[in-house]
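Chemist: Compute the structure for the input listed below.
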Amino acid sequence: MGQTELLGTDGFRGIFEDSDKPGAMNPSTIAGLTHALVSTQLEANTSGPVVIGGDTRVFNSQLEQAAVAGAVAAGVKERDILRLGVAPTPAILRTAQQHGAIAAVALTASHNPAEYGGWKGTIGADKPTPAQARHIEARYWEQVQNGLMLPLAYGTRRSPDHLRRYLDDVVTNIETIFGEKPLMDKLFVADTAYGAANYATPALLERLGATVERFANDISHPINEGAGATNLAGVQQFLRERPELVRDSRFVGALINDGDADRLLGVGAYIGDTGAMEFRTLDGNRVLELLAHTEVGVVGTDYTNDASITRIRQNGTAFEFCRNGDTNVTRALLAHQLEGEDWHLGSEFSGHHVDLRWLSSGDGVRTAAWVAAYAAKNDTTIATLCESMPLFPEKMRSLELAPAIGKVIIHDSAVAAVFSATPEDSTQQYRGIYRQSGTEPKFRIWGVAQDELYVEKRTAQIEKTLSLASLKLK
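Modeler: Numbers count the residues shown, from 1 in each chain. Purely as a prediction, here's the structure:
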């Protein structure tokens with residue numbers, strides 16, 4: 001039987017199928033992956049509950065029952081499975097952390113469209129290392145080959161109090177930092193992507209004193225469609241249609257989660273001189289700057305904007321690069337802690353913000369409350385914060401390659417010189433990243449510099465050189 005690779009850097013995702021095909025996104029695979037995860041943990045002599053929850057996709061009730069069945073078949077009593085139902089991924093992982101769970105399963109495909117399902121399994125409350133993920137995947141396929149049959153349906157007992165306790169913890173955390181009810185007399189828009197934070201983020205902001213206007217908050221609507229952290233045009237159009245919100249003296253801005261609420265972006269809005277509404281985006285670069293103010297050191301990714309890095313270092317905070325991906329941010333922070341260094345915070349530009357004092361992965365709900373409270377404490381708006389943190393121009397391009405070429409191009413001497421900085425690059429302070437896609441025959445080219453025209457010119461030049469080199473190799 002052919003075995004496809006299932007587990008990537010953030011679990012398993014795929015278009016939901018009404019089938020029992022091994023390795024497809026269906027209840028059978030979810031039960032098998034959960035069984036593989038939980039049985040691995042039990043064999044390591046761990047003990048404790050298993051936490052299961054997910055986002056608002058219409059088929060998640062089937063996947064949840066399958067995950068429960070897999071955990072029970074592995075040896076966990078049903079009474080020891082904490083089922084949160086619809087809940088943000090960080091709430092699921094925080095519950096696992098606080099209850100000493102041996103594993104957690106978040107049934108979510110994050111920012112992917114509604115037809116995609118997802119499975120994120122954790123070791124305790126932490127994402128598995130690559131080696132652990134490979135072991136879980138190998139065990140799953142071993143189960144398939146051995147013909148392991150698992151029941152796919154269990155009852156619908158829920159543990160709703162755990163979501164409330166998570167929100168209680170966030171409120172306590174934010175009020176410890178910023179004082180009681182830090183959002184009093186402030187107005188926010190919450191865009192929850194029709195997803196897992198539909199209740200959590202607006203309720204949290206209101207408990208901290210804010211007035212909240214909800215956008216993308218209808219759980220009957222397809223998750224992520226026209227909304228969320230990967231589609232800011234949705235909340236921008238909402239603000240255009242509600243200009244009275246932007247003109248309100250209490251208005252701070254919009255806070256945006258993705259489908260499972262492990263990331264956070266912000267949008268600021270104001271009425272310009274021409275009378276048209278203008279927008280500014282509080283992306284991961286700018287959020288990292290805000291978070292870094294009181295830190296010894298922080299971690300960002302290769303795609304962190306150089307302007308943000310410069311200001312972070314000028315503030316006296318050390319900055320370190322890592323490869324893109326929030327799991328890489330976490331590993332870099334843990335490496336510093338193993339050296340006895342007091343590093344806790346890191347971010348990637350797409351909105352995943354890690355604070356190891358809270359969780360080992362991103363929490364877009366808590367970060368929304370932190371950003372809101374920071375702005376309120378400083379009596380400012382998201383638009384003003386963005387204006388105070390200008391970014392250098394960036395350019396991203398993707399080069400399509402023939403599949404065979406895609407495996408050898410980065411080693412070919414004909415293009416080796418492309419990866420070396422030119423004297424003009426140094427003058428223009430250009431930094432480029434050239435990286436093969438791990439899943440497609442593509443080469444991604446990204447550049448950043450102070451001069452917008454030079455970013456365009458240099459990135460296009462690199463794309464052309466690589467394209468010609470690949471043609472010669474065909």
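Chemist: where does Ala369 fall, phi/psi-wise?
Modeler: As for Ala369, its main-chain torsions (degrees, to the nearest 10) stand at phi -70, psi -40.
Chemist: my guess is it meets Ile174, correct?
Modeler: Yes - here Ala369 lies in contact with Ile174, judged by CB atoms under 8 Å, at a distance of 4.8 Å. The C-beta positions use only the backbone N, C-alpha and C, and glycine is treated the same way.
Chemist: Overlap in contacts, these two.
Modeler: Between them, Ala369 and Ile174 have Leu208 as joint contacts when contacts are counted by CB atoms under 8 Å, 6 or more residues apart in numbering.
Chemist: what about the two, which has more around it?
Modeler: Residue environment comparison for Ala369 versus Ile174 gives the larger neighbour count to Ala369, 29 against 24, counting by other CB atoms under 10 Å.
Chemist: Provide a list of residues in contact with the more buried one.
Modeler: 170-171, 174, 204-205, 208.
Chemist: what's the least confident helix or strand in this structure, going by average pLDDT?
Modeler: helix 403-406 (a mean of 50; mean pLDDT, DSSP states H and E).
Chemist: The residue lying closest to Asp248 once chain neighbours are set aside bridge partners, please.
Modeler: Computed as CB to CB, 6 or more residues apart in numbering, the closest residue to Asp248 that is not its neighbour in sequence is Leu187, at 5.4 Å. Applying DSSP bridges to Leu187 yields these beta-bridge partners: Thr211, Phe251.
Chemist: ok, which stretches of the stretch 201-350 of the chain are helices?
Modeler: Counting by DSSP state H, counting those that start in this stretch, one finds helices in the stretch 201-350 of the chain at the ranges 233-241, 243-247, 284-292, 306-314, 326-338.
Chemist: Counting by contacts, list what the fourth one packs against.
Modeler: Contact analysis of helix 306-314 by 3 or more CB pairs under 8 Å, 6 or more residues apart in numbering; DSSP states H and E lists helix 284-292, strand 297-301, strand 318-322 as its packing neighbours.
Chemist: List phi and psi for Gly259.
Modeler: For Gly259, the backbone dihedrals (degrees, to the nearest 10) come out as phi -60, psi -40.
Chemist: What's the per-residue pLDDT of it here?
Modeler: According to the predicted model, the pLDDT of Gly259 comes to 97.
Chemist: what do you get for Thr172?
Modeler: According to the model, Thr172 scores 98 on pLDDT.
Chemist: Could you look up the SS state of it?
Modeler: Under the three-state scheme (DSSP: H, G, I helix; E, B strand; the rest coil), the conformation of Thr172 reads as helix.
Chemist: Could you report the neighbour count for it?
Modeler: When neighbours are defined as other CB under 10 Å, Thr172 has 10 of them.
Chemist: what about Asp18, how many neighbours?
Modeler: If we define neighbours as other CB under 10 Å, then Asp18 has 9 of them.
Chemist: sorry, that was for Ala368
Modeler: Neighbours around Ala368, by other CB under 10 Å: 30.
Chemist: For it, report the pLDDT, please.
Modeler: Ala368 is assigned a predicted lDDT (pLDDT) of 98.
Chemist: again, but for the one 5 residues further on
Modeler: Among the per-residue scores, Ala373 shows a pLDDT of 98.
Chemist: so it touches Glu180, yeah?
Modeler: No - Ala373 sits out of contact with Glu180 when judged by CB under 8 Å, with a separation of 11.0 Å.
Chemist: more neighbours, those two?
Modeler: Taking other CB under 10 Å, Ala373 and Glu180 do not tie; Ala373 has more neighbours (23 against 11).
Chemist: Would you mark the buried spots in the host helix or strand of Ala460?
Modeler: Using DSSP states H and E, the secondary-structure element containing Ala460 is helix 452-473. In terms of neighbour count (16 or more other CB atoms under 10 Å), helix 452-473 has its buried residues at 454-455, 457-459, 462-463, 466, 469-470.
Chemist: State the separation between it and the centre of the chain it belongs to.
Modeler: With CA atoms, centre = their mean, to the nearest Å as the basis, the distance from the averaged C-alpha position of helix 452-473 to the chain average is 30 Å.
Chemist: and that helix, average pLDDT?
Modeler: In this model, helix 452-473 carries a mean pLDDT of 77.
Chemist: Can I get stretch 68-86 as PDB, trimmed to CA atoms?
Modeler: What follows is the C-alpha trace of stretch 68-86 in PDB, where atoms were taken according to Å, rounded to 0.1, in the frame of the first residue of the first chain:
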ATOM      1  CA  VAL A  68     -12.600  10.600  20.800                       C
ATOM      2  CA  ALA A  69     -12.900   7.000  19.500                       C
ATOM      3  CA  GLY A  70      -9.200   6.900  18.700                       C
ATOM      4  CA  ALA A  71      -8.200   8.100  22.100                       C
ATOM      5  CA  VAL A  72     -10.500   5.600  23.900                       C
ATOM      6  CA  ALA A  73      -9.300   2.700  21.700                       C
ATOM      7  CA  ALA A  74      -5.800   3.700  22.700                       C
ATOM      8  CA  GLY A  75      -6.600   3.300  26.300                       C
ATOM      9  CA  VAL A  76      -7.900   6.600  27.700                       C
ATOM     10  CA  LYS A  77     -11.200   6.400  29.600                       C
ATOM     11  CA  GLU A  78     -13.900   8.500  28.000                       C
ATOM     12  CA  ARG A  79     -14.400  10.400  31.300                       C
ATOM     13  CA  ASP A  80     -10.700  11.600  31.000                       C
ATOM     14  CA  ILE A  81     -11.300  13.200  27.600                       C
ATOM     15  CA  LEU A  82     -12.000  16.900  27.900                       C
ATOM     16  CA  ARG A  83     -14.100  17.900  24.900                       C
ATOM     17  CA  LEU A  84     -14.300  21.700  24.300                       C
ATOM     18  CA  GLY A  85     -16.300  21.600  21.200                       C
ATOM     19  CA  VAL A  86     -15.800  24.900  19.200                       C
END
